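*Asks:* sequence plus the predicted model coming up.
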Amino acid sequence: MSGPDDYIEVNRVAWNRRTEVHVASDFYDMPGFKAGGTSLKPFEVALLGDVVGRSILHLQCHFGQDSLSLARMGADVTGVDFSDAALQVARETADELGLSAQFVLSNVLELNLGKTVDAVFASYGVLGWVPDVAAWMRVAAHHLSPGGALILVEFHPLIWLFDQQAPVDYFHSAEPDVETQKGTYTDGGEDVEITSCYWDHSLSDVLAAMRKVGLEVTLFEEYDHSPYPLAGMVERAPGEFVLAERAQQRLPHCYAIRARKV
């Protein structure tokens, strides 16, 4: 691997391999989703508000559960991902459930739909897969109509400092952390070997990138738990997961930003 394009291709292959495992996992609960459940968590539901009739671009949509949850709520949704395996599942699920949503295969940093939307949405483990957060913000801003909103919910960069499986810096480095492991972050797939490339982005990186592209932050929140049970976490209360070794400390596990295109 010699540059960002090579790293992104490694990640594309990784997400293709993850997709089959994730679709079958209890973590994503596809039977429950198909029966009418939503994959959206309380953090983003509160930030999104009423989405009926709004056009939403969902970046890094994986196999489309959040996109289709938004479609169920009445939004006009376009989901984007670079994994062809994931988008095949997304399209098949939309057809099976009779839901209207578009899905576009693209590296998020190269996306140009030729249209603007009311809101750009992304959540949980998105920025770490791209080498350049400023380029990611340029894509988001480019697709927003004036006054439109970027809604980003993300894992807090601080919690990765407590991951004992990989050396992690808080501040960004041009070279990613490259890790090969068996399985993924969900149940299942223990025999599947996956290599991933991950970049660290500090909060100051994220906020500075927003300012540079004319996105004005109107809300910033930090949360003392994760709605997802990541490795090394325990359930403190229903739907609230915290780092097991620091369960007595109130640490930021996730953050949320709403920003308006000026």
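*Replies:* Arrived safely.
*Asks:* CA atoms for contacts and neighbours, from now on please.
*Replies:* OK.
*Asks:* where exactly do the strands run in the stretch 151-262 of the chain?
*Replies:* With DSSP state E, counting those that start in this stretch as the criterion, the stretch 151-262 of the chain has strands at 177-182, 193-198, 215-223, 233-237, 240-243, 254-261.
*Asks:* I'd like those strands laid out as TSV, including mean pLDDT.
*Replies:* Formatted as TSV, the strands of the stretch 151-262 of the chain follow (pLDDT from 0 to 100):
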stretch	mean pLDDT
strand 177-182	91
strand 193-198	95
strand 215-223	97
strand 233-237	93
strand 240-243	94
strand 254-261	97
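*Asks:* compare those and give me the one nearest D95.
*Replies:* Comparison of these against D95 by CA to CA identifies strand 193-198 as nearest, at 29.6 Å.
*Asks:* which residues of the protein fall in helices?
*Replies:* With DSSP state H, the ranges of helices along the chain come out as 4-24, 30-34, 42-48, 65-72, 84-97, 133-142, 157-160, 203-212.
*Asks:* would you list those helices in TSV and tack on mean pLDDT?
*Replies:* Output for these, formatted as TSV (pLDDT from 0 to 100):
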stretch	mean pLDDT
helix 4-24	95
helix 30-34	98
helix 42-48	94
helix 65-72	98
helix 84-97	98
helix 133-142	98
helix 157-160	86
helix 203-212	96
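*Asks:* for C197, which of these is the nearest?
*Replies:* helix 4-24 (6.1 Å).
*Asks:* ok, and what's touching that closest one?
*Replies:* 1, 28-30, 62-63, 82-86, 129-131, 184, 186-189, 192, 194-197 (CA atoms under 8 Å, 6 or more residues apart in numbering).
*Asks:* need the strands of the stretch 151-262 of the chain in TSV with mean neighbour count, can you?
*Replies:* What follows is the strands of the stretch 151-262 of the chain, written out as TSV (neighbours: other CA atoms under 10 Å):
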stretch	mean neighbour count
strand 177-182	13
strand 193-198	18
strand 215-223	15
strand 233-237	15
strand 240-243	22
strand 254-261	22
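*Asks:* make TSV out of the ones you listed and add distance to G114.
*Replies:* Listed next are these as TSV, based on distance: least, CA to CA, whole Å:
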stretch	distance to G114
strand 177-182	34
strand 193-198	29
strand 215-223	19
strand 233-237	42
strand 240-243	39
strand 254-261	17
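*Asks:* so which of these gets nearest E154?
*Replies:* strand 254-261 (5.6 Å).
*Asks:* what packs against the closest one?
*Replies:* helix 42-48, strand 144-155, strand 215-223 (3 or more CA pairs under 8 Å, 6 or more residues apart in numbering; DSSP states H and E).
*Asks:* could I get the ones you listed as JSON lines with distance to R138?
*Replies:* Shown next, in JSON lines, are the helices and strands packed on strand 254-261 (distance: least, CA to CA, whole Å):
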{"stretch": "helix 42-48", "distance to R138": "21"}
{"stretch": "strand 144-155", "distance to R138": "10"}
{"stretch": "strand 215-223", "distance to R138": "10"}
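*Asks:* still on that earlier bit, now, of the helices of the chain, which is deepest in the fold?
*Replies:* Per-stretch averages of neighbours, counted by mean count of other CA atoms under 10 Å, single out helix 65-72 among the helices of the chain, with a mean of 24.
*Asks:* export that one to CSV, keeping only CA atoms.
*Replies:* Output of helix 65-72 as CSV, limited to C-alpha atoms (Å, rounded to 0.1, in the frame of the first residue of the first chain):
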residue,chain,number,x,y,z
GLN,A,65,-30.9,0.2,7.3
ASP,A,66,-30.7,3.8,8.4
SER,A,67,-31.5,5.0,4.9
LEU,A,68,-34.6,2.8,4.7
SER,A,69,-35.6,3.8,8.3
LEU,A,70,-35.6,7.4,7.1
ALA,A,71,-37.6,6.4,4.0
ARG,A,72,-40.2,4.8,6.4
